[in-house]
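J.: My questions concern the predicted model and sequence given below.
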Amino acid sequence: MNTAFLGLGAIGRPMAARLAAAGHTLVVWNRTRERAEQFARDTGASVAASPAEAARNADVVFTCFSTSRDVQSVLDGSDGLLAGLARGAVLVDCTSGDPATSKTIADALAARGVGFLDAPVSGGVSGAEKGTLTVMVGGDAAVLQAVRPAIEAFAGKIVHCGPVGAGDAVKAVNQAFLAIHLLAAAEGLVTLVKQGVDPKVALDVINASSGRSNSSMNLIPERVITRAFPKTFRLALLEKDIGIAAELARQNRVPSPVTQLTADLFRVARGELGEVADHVEVVKMVEQWGGAEIT
Ligand code: NDP
């Protein structure tokens with residue numbers, strides 16, 4: 001297929017690389033142009049000067065920006081996506097976005113005969129590199145069917161979740177689980193360290209018991225106990241995600257004190273740790289509060 005990919009960040013870059021490796025024609029655009037040029041040197045893709053130029057001959061255009069608002073910001077004007085997208089083309093937005101903005105974007109595209117899917121992903125940078133991401137999709141099932149061969153370049157599992165916004169909603173709730181599990185694991189393990197229990201021994205038990213999670217099974221052993229804290233997914237983006245989940249719960253009038261409190265704690269963590277910190281570094285905040293390291 002003729003594809004375009006906009007947004008070569010931590011996860012967008014390996015996703016786009018999978019499209020090129022799968023043999024799709026690929027044009028890329030990135031706000032910081034040097035990243036697109038480096039990507040083109042590495043993969044043989046072409047670089048477009050604007051979102052409009054990237055979209056011009058594409059059957060499928062992928063976006064993977066920080067927020068839905070960022071996607072909305074590249075739609076209009078002579079350089080914008082709407083100026084380049086042909087009738088019958090599809091925009092697949094892999095941003096972990098918010099359902100309301102995705103619906104607004106979908107409506108603007110529909111008025112031009114362009115399809116839209118919200119298609120956030122899960123599985124991290126390593127999943128993108130291996131092509132095993134889980135992709136949760138909102139939008140028309142027939143549109144998904146048409147672009148499925150392109151999405152399959154980076155997906156291990158593709159799930160149609162419902163109408164536009166449904167993919168974003170499922171992603172936000174998944175991220176709320178991640179944020180809650182991470183904080184809960186940090187609090188529990190700092191407590192056990194101070195109680196004199198080796199955290200590796202504690203995790204050996206917990207990971208064979210009912211309290212286990214991705215945080216206890218993977219993130220804490222691989223990134224905290226080792227003190228490696230690699231930068232793969234910015235804490236600022238997880239704060240954005242749990243903010244979306246908290247807002248959705250409020251809009252649906254669901255009492256959600258755990259989600260709301262965790263959203264507040266991540267807002268504090270973002271303020272303290274900054275925009276480039278990795279999400280797992282929230283554990284450092286809990287360690288500092290408790291006065292012990294999980295190691
Ligand atoms: P990064 O911060 O690494 O990259 C963000 C990308 O978006 C960059 O290409 C950036 O361009 C571009 N961008 C941001 N704002 C704008 C804007 N206003 N106009 C144009 N381009 C813009 O983020 P990630 O790649 O980590 O994440 C991207 C999305 O994927 C997020 O929604 C995130 O929540 C989600 N995600 C990330 C995962 C991960 O493991 N990293 C896992 C699953 C989902 P520039 O290079 O110029 O800054």
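T.: Good, I have the coordinates. Numbering: from 1, shown residues only.

J.: Give the buried residues for the longest strand seen in the chain.
T.: In the chain, with assignment by DSSP state E, the single longest strand is strand 155-162. Using 16 or more other Cβ atoms under 10 Å as the burial criterion, the residues of strand 155-162 that qualify are 155, 158, 160-161. From N, CA and C alone the C-beta is placed, and that goes for glycine too.

J.: give me the subset of those residues touching the ligand.
T.: Contacts with the ligand are made by none of the buried residues of strand 155-162, judged by Cβ under 6 Å from any ligand atom.

J.: Adding pLDDT and distance to residue 30, write the residues you listed out as TSV.
T.: Shown next, in TSV, are the buried residues of strand 155-162 (pLDDT from 0 to 100; distance: Cβ to Cβ, whole Å):
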residue	pLDDT	distance to residue 30
155	98	22
158	99	25
160	98	29
161	99	28
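
J.: Which of these sits closest to the ligand?
T.: Using Cβ to the nearest ligand atom, residue 155 is the member of these that lies nearest the ligand, at 12.6 Å.

J.: ok, that closest one - contacts?
T.: Neighbouring residues of residue 155 by Cβ atoms under 8 Å, 6 or more residues apart in numbering: 121, 131-135.

J.: Which of those residues has the largest number of neighbours?
T.: Within these, most neighbours by other Cβ atoms under 10 Å means residue 133, with 29 neighbours.

J.: In the sheet, which residues pair with it? Tell me.
T.: Counting by DSSP bridges, residue 133 forms beta bridges with residue 155.

J.: doesn't residue 123 make contact with it?
T.: Yes - using Cβ atoms under 8 Å, residue 133 is in contact with residue 123, at 4.2 Å.

J.: Now for these two: what residues contact both?
T.: What both residue 133 and residue 123 touch, as defined by Cβ under 8 Å, 6+ apart, is the set residue 156.

J.: With that, I have no additional questions.
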